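> Take a look and give me a structure for this.
(chains A and B)
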Amino acid sequence: MPREIITLQVGQCGNQIGMEFWKQLCLEHGISKDGILEDFATQGGDRKDVFFYQADDQHYIPRALLMDLEPRVINGIQNGEYRNLYNHENVFIADHGGGAGNNWASGYHQGKQYEEDLMDMIDREADGSDSLEGFVLCHSIAGGTGSGFVQHLFQRISLPTSQNSFTCWIIWPTTALFGVGYMNNDLVGLLASLIPTPRCHFLMTGYTPLTVERQANVIRKTTVLDVMRRLLQTKNIMVSSCARTKEASQAKYISILNIIQGEVDPTQVHESLQRIRERKLVNFIEWGPASIQVALSRKSPYVQTAHRVSGLMLASHTGIRHLFAKCLSQYEKLRKRQAFLDNYRNHPMFADNDLSEFDESRDIIESLVDEYKACESPDYIKWGMEDPDHLLTGDGNATGTVDPKLAV
Amino acid sequence: MLHELLLALLGYTGDLIVDEREQQDTLRINLSPDAPISEECFTFKLAPDISFIQPSERDAIERIIKLGFYYRELDRFATKSRNLSWIRSSNESPSSRTSELFKGKKEKQSVYRRAIANGIAEVLSVYRSAVLHIEQNLLSDSLPILATVTQGLNKFLVLLPPLYELILEIERDGYCGGRLLNLLHKRCHCGVPELQTCIQRLLWHGHQVMYNQLASWMIYGILHDQYGEFFISRLESRDAENDSPAEVVERLTSMSTNDASLTDWHSGFHISLDMLPEHIPMRVAESILFAGKAVRVLRNPSPAIRFQGAIAYQQMPRGSQRPQLSTSRIFFTKDSSSQNKSTGEELLPQSDADKIETMLQNLKESSEFHKRSFESAIDSIRVIAASHLWQLVVVRADLNGHLRALKDYFLLAKGDFFQSFLEESRQLMHLPPRLSTAEAYLMIPFQLAAVKTIGDDDRYFSRVSLRMPSFGIPVKSSQVDLPKTKAYVDGDSIVQSETSLEVPLDGWDGIALEYSVDWPLQLFFTQEVLSKYRRIFQYLLRLKRTQMELEKSWASAMSQDHSDFAKHRNDSRSCLTSHQRRQHFRPMWRIREHMAFLIRNLQFYIQVDVIESQWNVLQSHIQNSHDFTELVRFHQEYLSALISQSFLDIGSVSRILDGIMKLCLQFCWKIENQESDEITVELEQISEEFNKKSNSLYTILRSTRLAGSQRAPFLRRFLLRLNFNSFFEATARGVLNVVRPRPTLAVLH
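Residues are numbered from 1 along each chain as shown, chains lettered A, B, ... in the order given. Coordinates of the predicted model:
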């Protein structure tokens, strides 16, 4: 028995992404659309049981929970070609089917309603694993189900399972997608190496070569150096940080982990690292040790790709603050005009015009932006020491979509 | 008169021709019987009282009859050397008189000498037939003249005297075996063609013996050497007693687990330089030694492999992901046809044994010793033996699978297994080990981890076993054996071991693995090799444990931070203190990250830069090589590269690394056990100490002394990882320039 990982896919986006994730995983592990192991994959020796378990009839079932407040996407999955893959007990659709209407508060509120049902499902799934490694949460940060519903869920789960790690693949409304390679490390190890300070825990991902199926005939030369160099280019990073060029040039990496997949000679990794350093392709923080860590992973023998090497980057980058800053400024504009607030006042949390939740969130985001900014300067170590009141500055007015606790 | 002469020529003296020595002996009876004969040049003489012979004739006759003397002496030598009567009774003295002189000395029998004697007898028979021929001539000649004799025997005048000298030398110095061949070889180089041919013939006879011995050695693996004359000899057990106790222990353990044939392989035989003919280079001799040993192994498979044979074959194709597969399949199909034959024959097919024999036969038959052809033949024999041994070890015994298993477990390539093991045993390892029970307790998490991560997939796992060395059986883990054992004796607690930085942090660092190997893999994985693996394993496991503790402390600090955050949200009034608390923790986060960074990069460096790349090198070697000896060499190179590249052999560096790991563990435990808010002074001290150590590590690594050495290339790799954003360099520079004395620095305990 390995250390299992349970996937929670919530909301429209979360379920769509989740579906793609399982498709890929099935391909890589040689599991058919019905969960039956393909003949050619019986000798693999790979770790199928991290993400799957076997039913009585030996077919593989994903450790996945599908949840949504409206039936459209999940129905699509249940009628699609992968309909036999999932455990149908693991699907949750709200009775009324009305969704959360892109409203965080609605999602949060409904989360409270269905809490018991959901926790039952999660408990059951967690009980089926010997040593749970953690959860992977797929959800969008915008929208109602993805954000509000998830937050409630999260608060509940994280209480009894504080030993386990939580990884959320957040889908920002601007951009999309994430990628997961073989994870050969455990999640804690992976994350611990990426997050040196507790607050700056928003990771960015990059993936190369990124191809859509119809472009697959364009084959690039993929050497390790190439892959690693491309990963550092902003266009391959999946969160566009909306920064102006001048500010972007000051942004620094706090940490980088590259997972390189394919047949790679370790010496090439070293050479690439050397090149990148010589050419100063990466801008690292100055207040602590940092480097590009490279983890090598094997490619799935069952998937044919045109690329010899592919790479996934997980990075903590101060540039992400511009994203938060932009959210903040947009939020302030909306808040000033009192836009959309009525929708929120309908829900108990914001009843009686109590908008403190919004204010708090705003403060937190602002301090986060500040912290990221401080990270860019070499004397981050001293940051906050001489300004303990820092958090209390700034009073906002508001509509908000993001709660930083959701991530990682 | 002429007949008298002819008789004398065949060694029989009479009245006319007398033996000088006999005369002298009768004259000086008190002559010491031991007096070496060579010092006085006795020979046959014409009796001095013969007056009817002209001085010129006397000269001619005396010149000729010397041959008679030589003949007699040579004949005596030949008879004595060829005399096998000693087999029946060792007391019986050889017939000839001179040999009685020798009887006092301890006469050593020698096969080589007998062979030479055969050669000499051959020469003598030619000589005899020449004399016979002369006699016939004389008889048929109406006017027999002396000149016929002289003319007929002239050529022997150049032959017999040197031969006589030769046997004198042989007898005096007791030449035998390879030294005898040496002597002959030296004598071969003379300007007289007849003599050269003759000695070459003798040499040929000598070589016959050698070839026979070679054949029994290299075809049957039998050392056939009654008198210790072959240049390959069995190591006397007497020598073993002189070894260091450790080696004796090692030998004993290997004796208990292995068959005798394995002991033979490692220490049973050696090249005796004394007996090695000079015209056979050491390299060739080593090839011969190897080939013989290989054949010995191949001819005497352990009973186990006979049973395994069939099973191993069925299992082989299962490891389908192995790159070796293509080759092993070929051998698989090739061999399976001969499966019904006996295993021993299968290991060394008769056809190849015949091939070796033919090669040796050819060498044996050639009249002259050709160094080139000899060496090339030996070389191809060695290749045959090595490739069969290769097939036995690599293909049949699945060497690559075992190598991979060793990498999986000893080099921690199965990271998830050890992750799980360390996690399961974490609670246990928080307390100091108790000698008597530690191993038994550790077995539980070990088995649990195995169940969780490995299951039944890995058939090599059963060979791995965990050892917690207890007092009395020293494990060659590191240079610090002695103090560690002492700490154990003092009362199995970690407190003692913390007194010195050179001592590992706690007793758990002594955890070791054992790997049981079946015949014939002990040939490859010697105890020495395994102890090297163990050494690397202990280092890596400690590294992994440190890294895991650091991650644990990250997780707990992270959840601490989250709960603080939640508190702050729920109770906004306390947010000031909560915020202060966060600031309070900040240095802790920083030092943790610094530690984790160093440990992580060291681990990445060793696992990827060192182990993976060396492994690839080894794999490509294994795939390209079909020669057992080469494999052993490659594997040795692999291991020593691992050790040197992970700095295990640089005392200064590995000491600092040990110290750093120890600090990290202390740090983690402090964090974990801290109850109150106060980040203790101790933590600060640990940080201080750690900073100092990490700086000195960096300084040492980039020092010119190391940079100039052969390690430079891989040192640079590690440095590159460490100093990627120049943080280390900046810090090191800062520390070098600004020395901040801290009072708390010195006292850590």
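> buried residues in the longest helix along chain A?
In chain A, taking DSSP state H as the definition, the longest helix is helix A:356-376. Residues of helix A:356-376 classed as buried: A:357-376 (neighbour count, 16 or more other C-beta atoms under 10 Å in any protein chain shown). For glycine as for every other residue, the C-beta is placed from the backbone atoms N, C-alpha and C.
> Could you list every helix and strand in contact with that helix?
helix A:320-336 (3 or more C-beta pairs under 8 Å, 6 or more residues apart in numbering or on different chains; DSSP states H and E).
> tell me the average confidence for the helix or strand that the helix it packs on is followed by?
Going down the chain from helix A:320-336, the next helix or strand is helix A:341-345, by DSSP states H and E. Helix A:341-345 carries an average pLDDT of 71.
> Just list what helix A:341-345 packs against, helices and strands only.
When contacts are defined as 3+ C-beta pairs under 8 Å, 6+ apart, helix A:341-345 sits against helix A:104-113.
> dump the residue contacts of the closest residue to residue B:190 other than its chain neighbours.
Using C-beta to C-beta, 6 or more residues apart in numbering or on different chains and skipping residues adjacent in sequence, the residue nearest residue B:190 is residue B:196, 5.8 Å away. Residue B:196 makes contact with B:188-190 under the criterion C-beta atoms under 8 Å, 6 or more residues apart in numbering or on different chains.
> Including secondary structure, distance to residue A:16 and neighbour count, could these go into CSV?
Formatted as CSV, the contacts of residue B:196 follow (DSSP: H, G, I helix; E, B strand; the rest coil; distance: C-beta to C-beta, whole Å; neighbours: other C-beta atoms under 10 Å in any protein chain shown):
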residue, secondary structure, distance to residue A:16, neighbour count
B:188, helix, 92, 18
B:189, coil, 92, 8
B:190, coil, 98, 13
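> which residues sit against stretch B:363-373?
By C-beta under 8 Å, 6+ apart, stretch B:363-373 touches B:185, B:200-201, B:203-204, B:207-208, B:211, B:279, B:374, B:377.
> all strands of chain A, in order?
Assigned by DSSP state E, chain A shows strands spanning A:3-10, A:52-54, A:60-62, A:64-68, A:91-93, A:131-140, A:165-171, A:203-208, A:253-262, A:292-297, A:309-317.
> quick one: strands adjacent to the first one?
In other words, strand A:3-10. strand A:64-68 (parallel), strand A:131-140 (parallel) (DSSP bridges).
> Specify the angle between the first one and helix A:104-113 in degrees.
Orientation check (axes from the mean of the first three to the mean of the last three C-alpha atoms, to 10 degrees): strand A:64-68 against helix A:104-113 gives 120 degrees.
> Return strand A:64-68 as CSV; C-alpha atoms alone will do.
Extracted in CSV, the C-alpha atoms of strand A:64-68 (Å, rounded to 0.1, in the frame of the first residue of the first chain):
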residue,chain,number,x,y,z
ALA,A,64,-11.7,10.9,-6.8
LEU,A,65,-14.8,12.8,-5.5
LEU,A,66,-16.8,14.7,-8.0
MET,A,67,-18.9,17.5,-6.6
ASP,A,68,-20.9,20.3,-8.1
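> per-residue pLDDT, whichever residue of the stretch 51-200 of chain B sits closest to chain A?
Nearest to chain A in the stretch 51-200 of chain B, going by C-beta to the nearest C-beta, is residue B:178, at a distance of 48.5 Å. pLDDT, residue B:178: 78.
> right, and it touches residue B:274 too?
Yes: in this structure residue B:178 lies within contact range of residue B:274 using C-beta atoms under 8 Å: 7.2 Å.
> could you dump the contacts of residue B:196 to TSV with pLDDT?
Listed next are those as TSV, based on pLDDT from 0 to 100:
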residue	pLDDT
B:188	78
B:189	78
B:190	77
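> Check those residues against residue A:61 and report the nearest one.
Among these, residue B:188 lies closest to residue A:61 (C-beta to C-beta), at 85.0 Å.
> Assess the claim that that closest one and residue B:198 are in contact.
No: here residue B:188 lies out of contact with residue B:198, judged by C-beta under 8 Å, at a distance of 9.7 Å.
> which ones among the contacts of stretch B:363-373 are found in helices?
Those of the contacts of stretch B:363-373 lying in helices (DSSP H): B:185, B:200-201, B:203-204, B:207-208, B:211, B:374, B:377.
> Include neighbour count and distance to residue B:391 when you put those residues into CSV, please.
Shown next, in CSV, are the ones in helices among the contacts of stretch B:363-373 (neighbours: other C-beta atoms under 10 Å in any protein chain shown; distance: C-beta to C-beta, whole Å):
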residue, neighbour count, distance to residue B:391
B:185, 20, 37
B:200, 19, 40
B:201, 17, 41
B:203, 25, 37
B:204, 19, 36
B:207, 25, 32
B:208, 17, 32
B:211, 18, 27
B:374, 20, 26
B:377, 19, 21
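> farthest pair in these?
The most widely separated members of the ones in helices among the contacts of stretch B:363-373 are B:201 and B:377, with 21.2 Å between them, by C-beta to C-beta.
> quick revisit: so residue B:178 and residue B:274 - more neighbours on which side?
residue B:178 (25 against 12; other C-beta atoms under 10 Å in any protein chain shown).
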